[in-house]
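Peer 1: The sequence isn't on hand, but the structure is:
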(Lines give C-alpha, C1' and ligand atoms only; values in the text may rest on other atoms or scores of the structure.)
Protein backbone atom coordinates (compact mmCIF):
# COMPACT_ATOMS: atom_id res chain seq x y z
CA UNK A 1 0.00 0.00 0.00
CA UNK A 2 1.44 3.37 -0.94
CA UNK A 3 2.72 5.45 1.96
CA UNK A 4 0.94 8.58 0.73
CA UNK A 5 -2.39 6.84 1.28
CA UNK A 6 -1.82 6.71 5.03
CA UNK A 7 -1.99 9.38 7.67
CA UNK A 8 0.71 9.69 10.30
CA UNK A 9 -0.52 7.71 13.33
CA UNK A 10 1.10 10.25 15.66
CA UNK A 11 -0.39 13.40 14.11
CA UNK A 12 -3.57 12.26 12.34
CA UNK A 13 -6.82 13.65 13.70
CA UNK A 14 -9.37 11.21 12.26
CA UNK A 15 -9.64 7.70 10.85
CA UNK A 16 -10.50 9.25 7.47
CA UNK A 17 -6.78 9.80 6.89
CA UNK A 18 -6.17 6.06 6.59
CA UNK A 19 -6.64 3.33 4.00
CA UNK A 20 -6.97 -0.41 4.55
CA UNK A 21 -7.36 -3.38 2.22
CA UNK A 22 -10.68 -5.17 2.38
CA UNK A 23 -10.80 -8.97 2.60
CA UNK A 24 -10.54 -9.14 -1.21
CA UNK A 25 -7.30 -7.15 -1.16
CA UNK A 26 -8.87 -3.96 -2.52
CA UNK A 27 -7.77 -0.66 -0.93
CA UNK A 28 -10.56 1.15 0.90
CA UNK A 29 -10.23 4.74 2.06
CA UNK A 30 -11.90 5.18 5.41
CA UNK A 31 -13.19 8.46 4.04
CA UNK A 32 -16.12 6.36 2.77
CA UNK A 33 -17.29 6.09 6.39
CA UNK A 34 -17.50 9.84 6.98
CA UNK A 35 -20.60 10.69 8.98
CA UNK A 36 -21.00 7.17 10.38
CA UNK A 37 -20.33 5.90 13.86
CA UNK A 38 -17.87 3.01 13.66
CA UNK A 39 -16.94 0.02 15.74
CA UNK A 40 -13.44 -1.10 14.72
CA UNK A 41 -12.49 -4.51 16.08
CA UNK A 42 -9.71 -7.09 15.69
CA UNK A 43 -11.25 -10.52 15.17
CA UNK A 44 -10.22 -14.18 15.18
CA UNK A 45 -12.02 -17.36 14.14
CA UNK A 46 -10.77 -19.70 16.86
CA UNK A 47 -10.99 -17.54 19.98
CA UNK A 48 -13.14 -18.27 23.00
CA UNK A 49 -14.81 -14.90 22.43
CA UNK A 50 -15.56 -15.58 18.75
CA UNK A 51 -19.09 -16.99 18.87
CA UNK A 52 -20.45 -14.52 21.40
CA UNK A 53 -18.86 -11.48 19.80
CA UNK A 54 -19.96 -12.28 16.26
CA UNK A 55 -23.50 -12.90 17.51
CA UNK A 56 -23.68 -9.63 19.42
CA UNK A 57 -21.88 -7.55 16.78
CA UNK A 58 -24.39 -8.87 14.24
CA UNK A 59 -27.21 -7.86 16.58
CA UNK A 60 -25.79 -4.34 16.95
CA UNK A 61 -25.36 -4.05 13.20
CA UNK A 62 -28.89 -5.25 12.48
CA UNK A 63 -30.32 -2.84 15.04
CA UNK A 64 -28.36 0.30 14.22
CA UNK A 65 -26.91 0.07 10.69
CA UNK A 66 -30.07 1.19 8.93
CA UNK A 67 -31.61 3.40 11.61
CA UNK A 68 -28.51 5.18 12.90
CA UNK A 69 -25.80 4.55 10.34
CA UNK A 70 -23.59 2.27 12.43
CA UNK A 71 -20.76 0.56 10.56
CA UNK A 72 -18.60 -2.26 11.92
CA UNK A 73 -15.07 -2.76 10.55
CA UNK A 74 -13.56 -6.15 11.39
CA UNK A 75 -9.81 -6.76 11.03
CA UNK A 76 -8.66 -10.41 11.31
CA UNK A 77 -5.43 -10.76 13.29
CA UNK A 78 -3.32 -13.81 14.15
CA UNK A 79 -1.15 -12.21 16.85
CA UNK A 80 -3.04 -13.63 19.84
CA UNK A 81 -2.59 -17.34 20.35
CA UNK A 82 -2.47 -17.98 16.59
CA UNK A 83 -6.27 -17.99 16.60
CA UNK A 84 -6.74 -16.59 13.07
CA UNK A 85 -4.47 -18.90 11.03
CA UNK A 86 -6.49 -19.03 7.82
CA UNK A 87 -6.05 -17.10 4.59
CA UNK A 88 -8.59 -14.57 3.30
CA UNK A 89 -10.71 -17.22 1.58
CA UNK A 90 -10.89 -19.40 4.69
CA UNK A 91 -11.78 -16.39 6.85
CA UNK A 92 -14.56 -15.39 4.45
CA UNK A 93 -15.99 -18.91 4.51
CA UNK A 94 -15.98 -18.95 8.30
CA UNK A 95 -17.74 -15.60 8.52
CA UNK A 96 -20.26 -16.59 5.88
CA UNK A 97 -21.16 -19.62 7.99
CA UNK A 98 -21.63 -17.25 10.94
CA UNK A 99 -23.80 -14.92 8.82
CA UNK A 100 -21.54 -11.92 9.43
CA UNK A 101 -22.68 -9.08 7.19
CA UNK A 102 -20.54 -6.15 8.30
CA UNK A 103 -17.34 -4.92 6.65
CA UNK A 104 -14.39 -7.32 6.70
CA UNK A 105 -10.80 -6.33 6.03
CA UNK A 106 -7.56 -8.12 5.22
CA UNK A 107 -5.64 -9.82 8.00
CA UNK A 108 -3.24 -7.39 9.68
CA UNK A 109 -0.95 -6.94 12.67
CA UNK A 110 -2.27 -4.64 15.38
CA UNK A 111 0.91 -4.61 17.50
CA UNK A 112 4.63 -4.42 16.77
CA UNK A 113 6.67 -2.81 14.03
CA UNK A 114 4.33 -4.10 11.32
CA UNK A 115 1.15 -2.87 13.00
CA UNK A 116 -1.25 -1.29 10.53
CA UNK A 117 -1.08 2.55 10.70
CA UNK A 118 -4.81 2.75 11.46
CA UNK A 119 -4.34 0.59 14.54
CA UNK A 120 -1.29 2.59 15.62
CA UNK A 121 -3.54 5.66 15.43
CA UNK A 122 -6.36 4.01 17.40
CA UNK A 123 -3.97 3.00 20.19
CA UNK A 124 -2.46 6.48 20.21
CA UNK A 125 -5.86 8.13 20.62
CA UNK A 126 -7.33 5.63 23.08
CA UNK A 127 -4.57 4.07 25.14
CA UNK A 128 -4.94 0.92 27.17
CA UNK A 129 -4.63 0.17 30.86
CA UNK A 130 -0.93 0.05 31.81
CA UNK A 131 0.13 -0.30 28.16
CA UNK A 132 -1.37 0.91 24.89
CA UNK A 133 -0.79 -2.37 23.02
CA UNK A 134 -3.79 -4.45 22.03
CA UNK A 135 -3.95 -7.27 24.58
CA UNK A 136 -6.23 -9.81 22.88
CA UNK A 137 -8.69 -10.53 20.09
CA UNK A 138 -11.92 -8.51 19.96
CA UNK A 139 -10.59 -5.23 21.32
CA UNK A 140 -13.19 -2.70 20.20
CA UNK A 141 -12.87 1.00 19.39
CA UNK A 142 -15.87 3.28 19.00
CA UNK A 143 -15.30 6.10 16.52
CA UNK A 144 -17.70 9.04 16.42
CA UNK A 145 -19.35 10.66 13.38
CA UNK A 146 -16.37 13.00 13.07
CA UNK A 147 -13.91 10.12 12.70
CA UNK A 148 -12.49 10.52 16.22
CA UNK A 149 -11.90 7.44 18.43
CA UNK A 150 -13.85 8.08 21.64
CA UNK A 151 -13.96 4.75 23.49
CA UNK A 152 -11.90 1.58 23.81
CA UNK A 153 -13.40 -1.67 25.11
CA UNK A 154 -11.49 -4.82 26.02
CA UNK A 155 -12.21 -8.30 24.72
CA UNK A 156 -14.19 -9.22 27.83
CA UNK A 157 -16.64 -6.34 27.32
CA UNK A 158 -19.80 -7.60 25.64
CA UNK A 159 -20.66 -5.65 22.46
CA UNK A 160 -24.26 -5.42 23.65
CA UNK A 161 -23.10 -3.61 26.77
CA UNK A 162 -21.55 -0.89 24.62
CA UNK A 163 -24.88 0.45 23.44
CA UNK A 164 -25.82 1.12 27.04
CA UNK A 165 -23.34 4.00 27.14
CA UNK A 166 -26.22 6.19 25.96
CA UNK A 167 -29.32 7.08 27.95
CA UNK A 168 -32.28 9.14 26.74
CA UNK A 169 -34.16 11.41 29.15
CA UNK A 170 -37.41 12.80 27.70
CA UNK A 171 -39.19 15.84 29.17
CA UNK A 172 -42.68 16.56 27.79
CA UNK A 173 -43.27 20.29 27.24
CA UNK A 174 -46.35 22.22 26.07
CA UNK A 175 -44.69 25.58 25.39
CA UNK A 176 -44.52 25.21 21.62
CA UNK A 177 -47.91 25.68 19.98
CA UNK A 178 -49.58 23.58 22.70
CA UNK A 179 -48.43 20.33 21.10
CA UNK A 180 -48.21 18.41 24.40
CA UNK A 181 -51.65 19.17 25.94
CA UNK A 182 -52.21 15.83 27.72
CA UNK A 183 -51.74 14.97 31.36
CA UNK A 184 -49.12 12.49 32.61
CA UNK A 185 -51.40 9.48 32.10
CA UNK A 186 -52.27 10.47 28.53
CA UNK A 187 -48.61 11.04 27.69
CA UNK A 188 -47.67 7.63 29.08
CA UNK A 189 -50.38 5.92 27.03
CA UNK A 190 -49.24 7.71 23.88
CA UNK A 191 -45.62 6.63 24.39
CA UNK A 192 -46.59 3.08 25.33
CA UNK A 193 -48.41 2.73 21.99
CA UNK A 194 -45.17 3.74 20.28
CA UNK A 195 -43.07 1.32 22.32
CA UNK A 196 -40.93 4.09 23.79
CA UNK A 197 -38.68 2.55 26.45
CA UNK A 198 -36.39 5.36 27.53
CA UNK A 199 -36.74 7.47 30.69
CA UNK A 200 -39.74 9.82 30.78
CA UNK A 201 -40.15 12.77 33.13
CA UNK A 202 -42.98 15.04 34.23
CA UNK A 203 -44.11 17.81 31.90
CA UNK A 204 -42.10 21.00 32.45
CA UNK A 205 -41.39 24.44 31.03
CA UNK A 206 -38.04 24.82 29.32
CA UNK A 207 -38.22 28.60 28.77
CA UNK A 208 -39.35 31.57 30.82
CA UNK A 209 -39.38 32.28 34.54
CA UNK A 210 -40.86 28.85 35.29
CA UNK A 211 -38.24 26.94 33.30
CA UNK A 212 -36.93 23.87 35.12
CA UNK A 213 -33.49 24.55 36.68
CA UNK A 214 -31.98 21.63 34.73
CA UNK A 215 -33.01 23.22 31.46
CA UNK A 216 -31.75 26.62 32.56
CA UNK A 217 -28.40 24.93 33.20
CA UNK A 218 -28.39 23.13 29.83
CA UNK A 219 -29.09 26.37 27.94
CA UNK A 220 -26.38 28.15 29.92
CA UNK A 221 -23.78 25.49 29.08
CA UNK A 222 -24.79 24.98 25.44
CA UNK A 223 -26.31 28.16 24.06
CA UNK A 224 -28.34 28.33 20.89
CA UNK A 225 -27.93 30.19 17.61
CA UNK A 226 -28.75 33.90 18.15
CA UNK A 227 -30.57 33.17 21.42
CA UNK A 228 -30.15 30.54 24.12
CA UNK A 229 -33.87 29.85 24.52
CA UNK A 230 -35.25 26.51 23.35
CA UNK A 231 -36.89 27.22 20.01
CA UNK A 232 -39.08 24.15 19.47
CA UNK A 233 -39.92 20.63 20.56
CA UNK A 234 -37.24 17.93 20.34
CA UNK A 235 -34.25 20.12 21.12
CA UNK A 236 -31.59 17.66 22.24
CA UNK A 237 -28.57 17.97 24.51
CA UNK A 238 -25.81 15.36 24.73
CA UNK A 239 -24.21 15.04 28.16
CA UNK A 240 -20.91 13.22 28.56
CA UNK A 241 -20.04 10.59 31.15
CA UNK A 242 -18.81 13.29 33.53
CA UNK A 243 -22.22 15.00 33.49
CA UNK A 244 -21.08 17.89 31.28
CA UNK A 245 -23.34 19.09 28.40
CA UNK A 246 -21.17 18.84 25.28
CA UNK A 247 -23.53 19.19 22.31
CA UNK A 248 -26.86 20.82 21.44
CA UNK A 249 -28.99 19.74 18.48
CA UNK A 250 -32.09 21.35 17.00
CA UNK A 251 -35.32 19.50 16.22
CA UNK A 252 -34.33 19.01 12.59
CA UNK A 253 -31.20 17.02 13.52
CA UNK A 254 -31.68 13.29 12.93
CA UNK A 255 -30.20 10.73 15.32
CA UNK A 256 -27.83 13.07 17.17
CA UNK A 257 -27.18 10.46 19.84
CA UNK A 258 -24.87 8.55 17.61
CA UNK A 259 -22.58 11.60 17.39
CA UNK A 260 -20.44 10.84 20.38
CA UNK A 261 -18.94 13.71 22.39
CA UNK A 262 -15.49 14.85 21.30
CA UNK A 263 -13.08 13.46 23.90
CA UNK A 264 -10.23 15.11 25.70
CA UNK A 265 -7.23 13.06 24.75
CA UNK A 266 -6.10 10.81 27.53
CA UNK A 267 -3.37 8.25 27.71
CA UNK A 268 -5.37 5.94 29.95
CA UNK A 269 -9.05 5.60 29.01
CA UNK A 270 -11.92 5.26 31.44
CA UNK A 271 -12.17 1.92 33.22
CA UNK A 272 -15.22 -0.01 32.07
CA UNK A 273 -17.02 -2.35 34.41
CA UNK A 274 -16.93 -5.99 33.36
CA UNK A 275 -19.20 -7.16 31.88
CA UNK A 276 -21.35 -4.09 32.48
CA UNK A 277 -20.83 -0.80 30.66
CA UNK A 278 -19.41 2.34 32.25
CA UNK A 279 -21.13 3.26 35.48
CA UNK A 280 -21.70 6.86 34.41
CA UNK A 281 -23.29 6.71 30.96
CA UNK A 282 -23.57 9.55 28.51
CA UNK A 283 -27.07 10.97 28.35
CA UNK A 284 -29.24 12.72 25.85
CA UNK A 285 -31.76 15.17 27.28
CA UNK A 286 -34.59 16.28 25.04
CA UNK A 287 -37.81 18.19 25.13
CA UNK A 288 -40.66 16.11 23.77
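Peer 2: That came through, no problem. Predicted, not measured: the structure shown is a model, and the values here were computed from it. Numbering: from 1, shown residues only.
Peer 1: pLDDT weak spots in the chain?
Peer 2: Judged by pLDDT under 70, the chain has its weakly predicted residues at 1-5, 164-169, 254-288.
Peer 1: Domain-wise, how is it divided?
Peer 2: Structural domains annotated on the chain: 15-162, 169-249, as defined by the TED database.
Peer 1: Same question for stretch 46-65: list its buried residues.
Peer 2: Burial within stretch 46-65, assessed by neighbour count using 16 or more other Cβ atoms under 10 Å, is assigned to 47, 49-50, 53-54, 56-58, 60-61, 64. Backbone N, C-alpha and C define where each C-beta goes, glycine included.
Peer 1: Then stretch 17-32?
Peer 2: When neighbours are counted by 16+ other Cβ under 10 Å, the buried residues of stretch 17-32 are found to be 17-21, 23, 28, 30.
Peer 1: same deal with stretch 81-93?
Peer 2: Within stretch 81-93, the residues scored as buried using 16+ other Cβ under 10 Å are 83-84, 86, 88, 91-92.
Peer 1: same deal with stretch 195-210?
Peer 2: Buried residues in stretch 195-210, counting neighbours by 16+ other Cβ under 10 Å, are found at 200, 203-207.
Peer 1: which one of those residues is nearest residue 183?
Peer 2: Taking Cβ to Cβ as the measure, residue 183 lies nearest residue 203 of the buried residues of stretch 195-210, at 8.1 Å.
Peer 1: check contacts around the closest one.
Peer 2: 171-174, 180, 184, 187 (Cβ atoms under 8 Å, 6 or more residues apart in numbering).
Peer 1: And these, which two are furthest apart?
Peer 2: Pairwise distances across the contacts of residue 203 (Cβ to Cβ) peak at 13.0 Å, for the pair 173 and 184.
Peer 1: Export the buried residues of stretch 17-32 as a markdown table, with columns for distance to residue 103.
Peer 2: Formatted as a markdown table, those follow (distance: Cβ to Cβ, whole Å):
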| residue | distance to residue 103 |
| --- | --- |
| 17 | 18 |
| 18 | 14 |
| 19 | 14 |
| 20 | 10 |
| 21 | 12 |
| 23 | 9 |
| 28 | 8 |
| 30 | 10 |
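Peer 1: Give me the subset of the residues you listed lying in helices.
Peer 2: When the buried residues of stretch 17-32 are checked against helices using DSSP state H, none is located there.
Peer 1: Name the nearest of those relative to residue 129.
Peer 2: The closest of the buried residues of stretch 17-32, once distances to residue 129 are taken by Cβ to Cβ, is residue 18, at 24.5 Å.
Peer 1: OK, contacts around the residue lying closest to that closest one once chain neighbours are set aside?
Peer 2: Excluding the flanking residues, the one nearest residue 18 by Cβ to Cβ, 6 or more residues apart in numbering is residue 118, at 4.3 Å. Taking Cβ under 8 Å, 6+ apart, we find residue 118 in contact with 6, 9, 15, 18, 20, 30, 40.
Peer 1: Mind putting those into a markdown table with distance to residue 232?
Peer 2: What follows is the contacts of residue 118, written out as a markdown table (distance: Cβ to Cβ, whole Å):
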| residue | distance to residue 232 |
| --- | --- |
| 6 | 44 |
| 9 | 43 |
| 15 | 34 |
| 18 | 39 |
| 20 | 42 |
| 30 | 35 |
| 40 | 36 |
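Peer 1: circling back: neighbour-wise, give me the winner out of the contacts of residue 203.
Peer 2: residue 173 (24 neighbours; other Cβ atoms under 10 Å).
Peer 1: Pretty sure that one sits against residue 208.
Peer 2: No - counting by Cβ atoms under 8 Å, residue 173 sits too far from residue 208 to count as a contact (11.1 Å).
Peer 1: How much space separates residue 189 from residue 178?
Peer 2: Shown here: residue 189 relative to residue 178, a distance of 19 Å by Cβ to Cβ, to the nearest Å.
Peer 1: Tell me where the protein has strands.
Peer 2: Secondary structure of the chain (DSSP state E): strands at 19-21, 27-29, 38-43, 71-76, 103-104, 140-143, 149-153, 166-171, 199-200, 236-239, 245-249, 282-287.
Peer 1: of the ones you listed, which approaches residue 129 most closely?
Peer 2: Closest of the strands of the chain to residue 129 is strand 149-153, at 9.4 Å (criterion: Cβ to Cβ).
Peer 1: returning to that earlier point: and which of the buried residues of stretch 195-210 is nearest to residue 133?
Peer 2: Checking these against residue 133 by Cβ to Cβ gives residue 200 as the nearest, at 43.9 Å.
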